[in-house]
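J.: Provide a 3D model corresponding to the input given below.
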Amino acid sequence: MPVYDYKCRKCGLVFEKFLRTMAAADSVQCEKCGSAKVKKLITCCAISSGGKSESAGSSGSSHSCGSCSHSHCSTCH
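T.: Numbering: from 1, shown residues only. Below is the predicted model:
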């Protein structure tokens, strides 16, 4: 089941939402203030094969998300 990150445009809360279908995305509301004015955020994902190697896309640094070389950016949480 996909997990999406959202940010409320009214109160600024960032929260996760599990969605069973894409149609459910139309009814997402802020968990704090109840506003329907939310924005889906672009986030990274990690895939594990169960082995001891690092995740795919990693540059060897434990501080980056794999999609950038910075230690923290807007997509790295």
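J.: quick one, what contacts V28?
T.: 6, 17, 19, 36, 38 (Cβ atoms under 8 Å, 6 or more residues apart in numbering). All C-beta atoms are positioned from the backbone trio N, CA, C, and that covers glycine.
J.: Report the contact partners of the second one.
T.: The reference is to K17. 3-6, 28.
J.: any idea which of these has the most stuff around it?
T.: Neighbour counts for those peak at Y6, which has 19 neighbours (criterion: other Cβ atoms under 10 Å).
J.: That one and L19, how far apart?
T.: Between Y6 and L19 the computed distance is 10 Å (Cβ to Cβ, to the nearest Å).
J.: Equivalent analysis for C33, please.
T.: 20 Å.
J.: so who does C30 touch?
T.: By Cβ under 8 Å, 6+ apart, the contact set of C30 is 6, 8, 10-11, 13, 15, 36-38.
J.: can you give me the mean pLDDT across stretch 38-46?
T.: Average pLDDT, stretch 38-46: 84.
J.: ok so, going back, so which of C33 and L19 has more stuff around it?
T.: For C33 and L19, the more surrounded residue by other Cβ under 10 Å is L19, and the numbers stand at 15 against 12.
J.: pretty sure that one is in contact with P2, am I right?
T.: Yes. Contact criterion Cβ atoms under 8 Å: L19 and P2 qualify, at 5.7 Å.
J.: and which of the contacts of C30 is nearest to C44?
T.: Distance to C44, by Cβ to Cβ, is smallest for Y6 among the contacts of C30, at 15.6 Å.
J.: before we move on, which element is that closest one in?
T.: strand 3-8 (DSSP states H and E).
J.: Give me the sheet partners of that strand and which way each runs.
T.: Neighbouring strands of strand 3-8 in its sheet, by DSSP bridges, are strand 14-18 (antiparallel), strand 38-40 (antiparallel).
J.: Skipping adjacent residues, who's closest to F15 in space?
T.: Among residues not flanking F15 along the chain, E31 sits closest, at 4.9 Å (Cβ to Cβ, 6 or more residues apart in numbering).
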